[in-house]
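Trainee: Let me see the structure of the following:
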Amino acid sequence: MPFPAVDRGIYREAWTVENIPDGAILFNPAPHAAAVEFGSRPFTPPYSVILEWVIRKFKNRITVADKASGRRRGRAARVDRQLVAIAWGVVNKIRRYGIKPRHVMTGGQRQMEAYVQDEMMAIKKDIEEGKI
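Mentor: Take a look at the predicted model:
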């Protein structure tokens, strides 16, 4: 995974465990969980949502070189032009390529299977040695 998929922590905090008679179900009800796990086809995301994300993600990393025109009104008039360019770049990339999957559960499932296998072998060894 190139970097953690964390913006405001909504996805990370949404993980839920539901106990069932023969085990448990781990799931994530966040609205964007499926897109994080499986990716998406190309679509046009709302520019305003992407701009807000870019502001949160990059506002402290880019020096304020030049403000947008004062003739414009609203938030876009106060946002650095570099941030606007980044936002449009993200919108256009998603429009053209979609969103790549992160396979959070799929990758985690492999790790969990290995962990359970190791634990089962340790329990088997303890039983054979009379520790359990």
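Trainee: Can you get me a residue count around the nearest residue to R12 once chain neighbours are set aside?
Mentor: Once flanking residues are discounted, R12 sits nearest to V6: 5.8 Å by CB to CB, 6 or more residues apart in numbering. Where C-beta positions appear, they are placed from N, C-alpha and C, glycine not excepted. V6: 10 surrounding residues under other CB atoms under 10 Å.
Trainee: and V6, that one's in a strand?
Mentor: No - V6 is assigned coil when assessed by DSSP: H, G, I helix; E, B strand; the rest coil, not a strand.
Trainee: looking at it, it is touching E13, isn't it?
Mentor: No - here V6 does not reach E13: they are 9.9 Å apart, not a contact under CB atoms under 8 Å.
Trainee: List the buried residues for the lengthiest helix in the chain?
Mentor: Identified as the longest helix of the chain according to DSSP state H is helix 104-128. Within helix 104-128, the residues that count as buried by 16 or more other CB atoms under 10 Å are 104-105.
Trainee: so N28 makes contact with E13?
Mentor: No - here N28 lies out of contact with E13, judged by CB under 8 Å, at a distance of 9.6 Å.
Trainee: So those two - more neighbours on which side?
Mentor: Per other CB under 10 Å, whichever of N28 and E13 has more neighbours is N28, with 19 against 11.
Trainee: give me phi/psi at that one?
Mentor: Main-chain torsions, N28, degrees, to the nearest 10: phi -130, psi 110.
Trainee: May I have the predicted confidence score for it?
Mentor: Predicted confidence (pLDDT) for N28: 93.
Trainee: Show the subsequent helix or strand relative to the lowest-mean-pLDDT helix or strand in the chain.
Mentor: Lowest by mean pLDDT, DSSP states H and E among the helices and strands of the chain is helix 75-78, with a mean of 53. Once the chain leaves helix 75-78, the next helix or strand it forms, by DSSP states H and E, is helix 81-97.
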